[in-house]
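# A predicted structure for the sequence below; I have some questions about it.
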Amino acid sequence: MVRVNDLSKAYSIWSSPAARLHGPLLGRLGQMPFLPSRVRASCQNWSHHSFKQFWALRGVSFEVRRGQCLGIIGQNGSGKSTLLQLIAGTLEPTEGSIEVNGRVTALLELGSGFNPDFTGRENVFMNGAVLGLTTEEVRAKYDTITAFADIGDFIEQPTKTYSSGMTVRLAFAVQAVLNQDILIVDEALAVGDEAFQRKCFSRIEQFRANGGTILFVSHGAATVVELCEHVILLDRGEMILSGRAKEVVTKYHKLMYAPPAKREDVRRELIGLRDRTTLPEKTDAAPGIAATTDASHEEFDTGMQPQSTVVYPDRGAKLEDPRITTLQGRRVNQLVGRREYLYKYRARFMEKAFKVRFGMLIKSTSGWEIGGAVSHPMSGGIQCIEAGQIAEVTFRFRALLQPGVYFLNAGVLGLVNGEEVYLARCVDVTMFRIQNEPDLTMTATVDFCVEAKVELAENTARISIPANA
């Protein structure tokens, strides 16, 4: 549906407003054959030195197949929005080519195309015309659009009277409801209240289920992992990594949280991964690990080791010996649902640390963050830990999860120059499996139910199903 080949976009940064005016003119004069060569050379030289080029995007190539949801991540200024605008056709590339097969709808800068003096109704029809639809096509979708936006009688009022939330709700409704083959989303899902955000996500999920193609930009890592199968990472306008969503997001966090002195090393490491190969297709466990069946006791499988572990550059602390044990201290990684376990690790401090907190996080195989905990609230923490000290950290948790494989993170937080940062962090540092069991009644991922009751009014029969908690 989308093929991008060696795409680049450059902007001219002029030295002054006068240079912006005179530079292009002198550049043209420098190409006029009837002028003396000395004059032409002088014009070209002045024009060349009056600006510098800034490459917002350089040498980006990828393909998106029909029905695929591609995530695009990176820090502010990495070139994400520029890339989407080039694909949407609102910018022209400096170099390279873009091939798009299908109608594109771009959720970029929602509401920026509205005329503030037009009513909501008039702006709906105007936006439809801009998107190439006839009045009849927009009219057929109008009731669906207004129902989705849910702004009531304000639809008949000028949009200059709208709140910013109402404006983006109507703009999203127009774009999301109209027919398209390719949907481009740039941080557009943080509009309105929680109920409307859920409606937006449902619409995108429906679009993807119907075979639509999505290019999705967001700073929300969990959202990217949940929606996207494949992700590309941009940094300073360059595509430095491409692969499965979970692995690329993890590597992005390693780059983002790296200390300034180590950031270039991490960046070179990621580029090395890109140049060698794409990230592995399966990282759940080591080869040969099979799911256990119908077990009622804990076990430890020595071959069950994660292959997706990422260790962040340390800032004065190191994490050691992450493990799960029973309450009696026996090491395990094959767990029984609804029983309690201990997650332990050791933190060794090479430097003095202040306001220290310890954390853990459980994630699914897709990278979805299921739940976690910290040792102290944000207002607390251990005031000071001296260099050379070792902290033994223990989290007690109940395995209220669906049978399957899960991964654990570990982290140490502390103050550096008045800002809380990771002193040490490991992603996918260990893993465990919730074993299968017969007669399981839970659904989805987390086991919330304590008891399920069914009452039949006709014959007053009552059924009570304990949750074996």
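Cool, got the structure.

# so where do the helices sit in the protein?
Under the criterion DSSP state H, the chain contains helices at 17-29, 37-49, 80-88, 120-130, 135-149, 164-177, 194-209, 221-227, 245-256, 263-276.

# I'd like to know which of those lies nearest to residue 342.
helix 245-256 (25.0 Å; C-beta to C-beta). Yep, even glycine has a C-beta here, placed from its N, CA and C like the rest.

# Against which helices or strands is that closest one packed?
When contacts are defined as 3 or more C-beta pairs under 8 Å, 6 or more residues apart in numbering; DSSP states H and E, helix 245-256 packs onto strand 69-73, helix 221-227, strand 230-235, strand 238-244, helix 263-276, strand 310-311, strand 419-434.

# Please work out which of the ones you listed is packed deepest.
strand 69-73 (a mean of 25; mean count of other C-beta atoms under 10 Å).

# got the angle for that strand vs helix 80-88?
140 degrees (axes from the mean of the first three to the mean of the last three C-alpha atoms, to 10 degrees).

# for the stretch 151-300 of the chain, which spans come out with low pLDDT?
Low-confidence segments of the stretch 151-300 of the chain (pLDDT under 70): 179, 187-195, 275-296.

# Tell me how this protein divides into domains.
The chain resolves into domains spanning 7-58, 59-231, 286-469 when parsed by automatic domain parsing.

# Find me the pLDDT at residue 82, would you?
Looking at residue 82, its pLDDT is 90.

# Oh, that last question was meant for residue 327, not what I typed.
pLDDT, residue 327: 94.

# you'd agree it is up against residue 341?
Yes: counting by C-beta atoms under 8 Å, residue 341 is a contact partner of residue 327 at 7.3 Å.

# what sits in contact with each of those two?
Common contact partners of residue 327 and residue 341 (C-beta atoms under 8 Å, 6 or more residues apart in numbering): residue 396.

# about what we covered before: looking at the domains of the chain, spot the one closest to residue 246.
Ranking the domains of the chain by proximity to residue 246 (C-beta to C-beta) places domain 286-469 first, at 3.4 Å.

# And the closest one, how far out from the chain middle?
Between the centre of domain 286-469 and the centre of its chain there are 22 Å (C-alpha atoms, centre = their mean, to the nearest Å).

# same check, this time on stretch 91-98
25 Å.

# pLDDT on that stretch, on average?
92.

# about what we covered before: switch the domains of the chain over to CSV; also include distance to residue 255.
Below are the domains of the chain laid out as CSV (distance: least, C-beta to C-beta, whole Å):
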stretch, distance to residue 255
domain 7-58, 18
domain 59-231, 8
domain 286-469, 10
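
# just those: most buried one?
domain 59-231 (a mean of 18).

# Quote the end-to-end distance of it.
Using C-alpha to C-alpha, to the nearest Å, the end-to-end distance of domain 59-231 comes out at 17 Å.

# Quick one: closest of the domains of the chain to residue 247.
domain 286-469 (6.0 Å).

# rewinding a little: may I see the helices of the chain organised as a markdown table, with distance to residue 306 added?
Converted to a markdown table, the helices of the chain look like this (distance: least, C-beta to C-beta, whole Å):
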| stretch | distance to residue 306 |
| --- | --- |
| helix 17-29 | 54 |
| helix 37-49 | 53 |
| helix 80-88 | 29 |
| helix 120-130 | 48 |
| helix 135-149 | 42 |
| helix 164-177 | 38 |
| helix 194-209 | 28 |
| helix 221-227 | 16 |
| helix 245-256 | 11 |
| helix 263-276 | 17 |
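
# show me where pLDDT drops low in the stretch 351-469 of the chain?
Counting by pLDDT under 70, the stretch 351-469 of the chain shows low-confidence ranges at 458-469.

# The same query, at a cut-off of 80, please.
Low-confidence segments of the stretch 351-469 of the chain, defined by pLDDT under 80: 366-367, 437-444, 449-453, 455-469.

# all strands for it, in order.
353-364, 369-374, 382-385, 390-398, 404-416, 419-434, 451-456, 461-466 (DSSP state E, counting those that start in this stretch).

# Same list (those strands) but as CSV, adding distance to residue 89.
CSV is the format used below for those (distance: least, C-beta to C-beta, whole Å):
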stretch, distance to residue 89
strand 353-364, 37
strand 369-374, 36
strand 382-385, 55
strand 390-398, 50
strand 404-416, 40
strand 419-434, 38
strand 451-456, 53
strand 461-466, 57
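
# what's the closest of those strands to residue 53?
The nearest among the strands of the stretch 351-469 of the chain, by C-beta to C-beta, is strand 419-434 at 34.4 Å.

# ok, and the closest non-adjacent residue to residue 135?
Nearest non-adjacent residue to residue 135, counting by C-beta to C-beta, 6 or more residues apart in numbering: residue 125, 6.5 Å away.

# Distance of the one you found relative to residue 160?
The span separating residue 125 from residue 160 equals 18 Å under the rule C-beta to C-beta, to the nearest Å.

# circling back: want to try CSV for the helices and strands packed on helix 245-256, with distance to residue 40 as columns?
CSV is the format used below for these (distance: least, C-beta to C-beta, whole Å):
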stretch, distance to residue 40
strand 69-73, 43
helix 221-227, 52
strand 230-235, 39
strand 238-244, 35
helix 263-276, 41
strand 310-311, 56
strand 419-434, 55
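
# Ok, which of those comes nearest residue 320?
Per C-beta to C-beta, nearest to residue 320 of the helices and strands packed on helix 245-256: strand 419-434, 9.6 Å.

# Skipping its backbone neighbours, what lies nearest residue 447 in space?
Per C-beta to C-beta, 6+ apart, closest to residue 447 is residue 400, 4.2 Å.
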